[in-house]
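K.L.:
Return atomic coordinates for the entry below.
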Amino acid sequence: MSISIKNISKLYGKQKALDDVSLEIKSGEIVGLLGPNGAGKSTLMKIISCYIPQTEGQVEVMGHNVIDDPIAVKRKIGYLPESNALYYEMYVKEYLNFVAGIFKIKNKKERIAEIIELTGLQKEQHKKIGALSKGYKQRVGIAQAFIHNPDVLILDEPISGLDPNQLIEIRNMIKKIGETKTVLFSSHIMQEVEAVCDRIIIIKDGKVIADSPKSEIQKLWKNKEIIFVEFKEEIDEKILSAIDGVENVSKSSNGKYRITVASKEDIRPSIYDCAKDNNLTLIGLQSEEISLEHIFQDLTK
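P.N.:
Residues are numbered from 1 along each chain as shown. Just a heads-up that it's a prediction; the model follows:
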């Protein structure tokens with residue numbers, strides 16, 4: 001087992017950031033860690049990486065306990081924190097040489113050249129880190145996390161703030177690394193999680209509320225449907241909630257009403273009848289397939 005987490009909790013004063021979390025992550029898995037802000041994702045990653053201790057419970061990485069043997073754990077882990085703290089006045093190659101020295105890597109020159117090629121930093125290796133774009137800074141962060149060839153790579157929001165081309169490049173890099181290593185990464189970008197991950201873990205209020213292979217977590221909602229409805233008038237959401245088959249109603253930022261339907265029955269005639277009975281002008285109605293984003297919203301609201 002690559003990562004073993006048993007009944008861990010973390011308290012910051014009286015606030016419980018993690019609440020009795022247990023997980024097992026196997027070698028070779030790419031696992032996406034999802035959750036709203038403040039759910040406990042970064043706290044969990046910091047505990048696994050030995051940056052902070054848990055209040056209760058036990059964590060092991062590649063058989064080493066994070067409390068009893070943190071040095072051995074750090075040798076096995078590559079960690080990119082959300083802040084991606086880098087030395088901006090150092091050159092890319094100089095910085096990687098510095099990190100390689102910390103890990104006492106043999107054949108540093110060869111390994112640095114290898115990691116520069118893997119992360120696509122060939123053209124940027126002689127630039128100062130502070131002069132790089134956000135995407136290339138993320139590459140440098142991943143390069144330093146992976147330079148000692150760890151068994152486990154932990155990435156906290158590695159694709160935040162990247163443009164579409166950079167997203168694809170970082171995604172492909174993570175998938176390539178995940179062919180031989182265990183990767184745990186958090187993200188708010190659902191499409192990237194769907195594209196990269198084998199398994200999805202969703203955390204809310206410090207608790208794991210979903211943990212399944214990507215295909216299985218989507219099957220849980222196979223009998224549901226999402227319908228977006230738009231009216232000319234402002235309405236009370238309770239009117240839509242009263243329709244048979246409607247499980248949940250919420251108003252989207254664009255003014256449309258998002259309806260979760262609990263079955264595959266066609267409720268569109270009922271929506272038309274509802275509009276007619278309440279003297280409402282229906283100006284838009286469309287259905288969407290259930291996506292990971294819909295599942296995330298339903299679980300974490």
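K.L.:
Tally up the residues packed near E114, please.
P.N.:
For E114, the neighbour count with other C-beta atoms under 10 Å is 13. C-beta: built from backbone N, CA, C; applies to glycine.
K.L.:
Kindly report the same for the one 3 residues further on.
P.N.:
With neighbours defined by other C-beta under 10 Å, the count for E117 comes to 11.
K.L.:
Tell me which helix or strand it sits in.
P.N.:
Secondary structure assignment for E117, by DSSP states H and E: helix 108-118.
K.L.:
Likewise for G135?
P.N.:
helix 134-146.
K.L.:
can I assume Q166 sits in a helix?
P.N.:
Yes. Per DSSP: H, G, I helix; E, B strand; the rest coil, Q166 lies within a helix segment.
K.L.:
ok, it to C197 distance?
P.N.:
19 Å (C-beta to C-beta, to the nearest Å).
K.L.:
These two: which is more packed in?
P.N.:
C197 (25 against 17).
K.L.:
Skipping its backbone neighbours, what lies nearest the more buried one in space?
P.N.:
G32 (3.7 Å; C-beta to C-beta, 6 or more residues apart in numbering).
K.L.:
cool, and S270?
P.N.:
Closest to S270 by C-beta to C-beta, 6+ apart is I243, at 4.9 Å.
K.L.:
For the protein, which segments are assigned as strands?
P.N.:
Remark: strands assigned in the chain by DSSP state E are 3-12, 15-25, 30-34, 56-61, 64-65, 77-80, 152-156, 182-186, 199-204, 207-213, 225-231, 246-251, 257-261, 282-288.
K.L.:
In contact with H148: list those residues for me.
P.N.:
75, 78, 100, 103, 105 (C-beta atoms under 8 Å, 6 or more residues apart in numbering).
K.L.:
Next: I8.
P.N.:
18, 20-22, 44, 47, 54-59.
K.L.:
and what of A262?
P.N.:
Going by C-beta under 8 Å, 6+ apart, A262 touches 223-224, 245-247.
K.L.:
Quick check: the closest residue to S287 other than its chain neighbours vs I168, distance?
P.N.:
Nearest non-adjacent residue to S287, counting by C-beta to C-beta, 6+ apart: I227, 4.9 Å away. Separation of I227 from I168 (C-beta to C-beta): 31 Å.
K.L.:
which one of the two has more residues nearby?
P.N.:
It is I227, of I227 and I168, that has more neighbours when counted by other C-beta under 10 Å, with 21 against 14.
K.L.:
give me the beta-bridge partners of the more buried one?
P.N.:
I259, S287 (DSSP bridges).
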